[in-house]
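Q: Next one to model:
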Amino acid sequence: MSFARVTRPLYRSLAPLGDRILVQKAVKETKTAGGILLPTDNAKDPNEGTVVAVGQGLRDVSGALHAPTLKAGDSVLLPKYGGTEVEIGEEKMSLYREEDILGKFD
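A: Numbering: from 1, shown residues only. Below is the predicted model of the structure:
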C-alpha cells in the first residue's frame with residue numbers, strides 16, 4: 001500500500017483584486033551618502049517600491065473594466081502613510097489602491 005505525499009508550497013501567492021496593487025517596498029538605507037552607518041531604527045522608511053502583482057482593474061457603473069496603468073516590475077513612488085501591510089512567507093509587502101500610488105519612475 002502506498003501513500004501519496006502531499007507537499008505544500010513554502011509560501012502562499014496573493015492575487016490582488018480590483019484596482020489593488022501589491023508592492024514590495026525598497027530596503028531601508030542604513031548608510032548615509034557620507035558613509036555614516038545608521039542604526040536600523042533611525043533609518044528612514046523608503047517611499048518607493050516595486051510592483052509585484054496587479055489586480056484586473058476596476059469596473060465603472062456601466063460595467064466596463066478599466067485596466068490599471070501599472071504592471072509588475074514597475075518602480076513606483078508611495079505615500080508616506082497608507083496601504084495594507086501583508087506578510088507572504090517571510091517577505092513583507094503592501095497592498096495599495098492604484099489611486100493611492102503617487103507616481104511611476106521611468
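
Q: What are the buried residues along stretch 96-106?
A: Within stretch 96-106, the residues that qualify as buried are Y96, R97, E98, I101, counting by 16 or more other Cβ atoms under 10 Å. No exception for glycine: its C-beta is placed from N, CA and C like everyone else's.

Q: out of those residues, which are inside strands?
A: If you go by DSSP state E, those have Y96, R97 in strands.

Q: Serialize the buried residues of stretch 96-106 to TSV and add fields for distance to D60 and pLDDT.
A: Conversion of these to TSV gives the following (distance: Cβ to Cβ, whole Å; pLDDT from 0 to 100):
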residue	distance to D60	pLDDT
Y96	20	96
R97	15	95
E98	14	94
I101	20	95
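
Q: which of the buried residues of stretch 96-106 lies closest to V86?
A: Y96 (10.7 Å; Cβ to Cβ).

Q: dump the residue contacts of that closest one.
A: R20, I21, V23, L78, P79, G82, G83, T84 (Cβ atoms under 8 Å, 6 or more residues apart in numbering).

Q: how much space between it and T30?
A: Here Y96 is placed at a distance of 25 Å from T30 (Cβ to Cβ, to the nearest Å).

Q: again, but for T50
A: From T50 across to T30, the span is 19 Å (Cβ to Cβ).

Q: Those two: which is more packed in?
A: T50 (16 against 12; other Cβ atoms under 10 Å).

Q: Any idea how many residues pack against the closest residue in space to E98 that isn't next to it in sequence?
A: In space, and not counting its chain neighbours, E98 is closest to D19: 4.5 Å by Cβ to Cβ, 6 or more residues apart in numbering. Residues lying near D19 (other Cβ under 10 Å) number 20.

Q: just L95 next, same as before
A: What L95 shows, counting by other Cβ under 10 Å, is a neighbour count of 18.

Q: partner residues bridging it?
A: L22, T84 (DSSP bridges).
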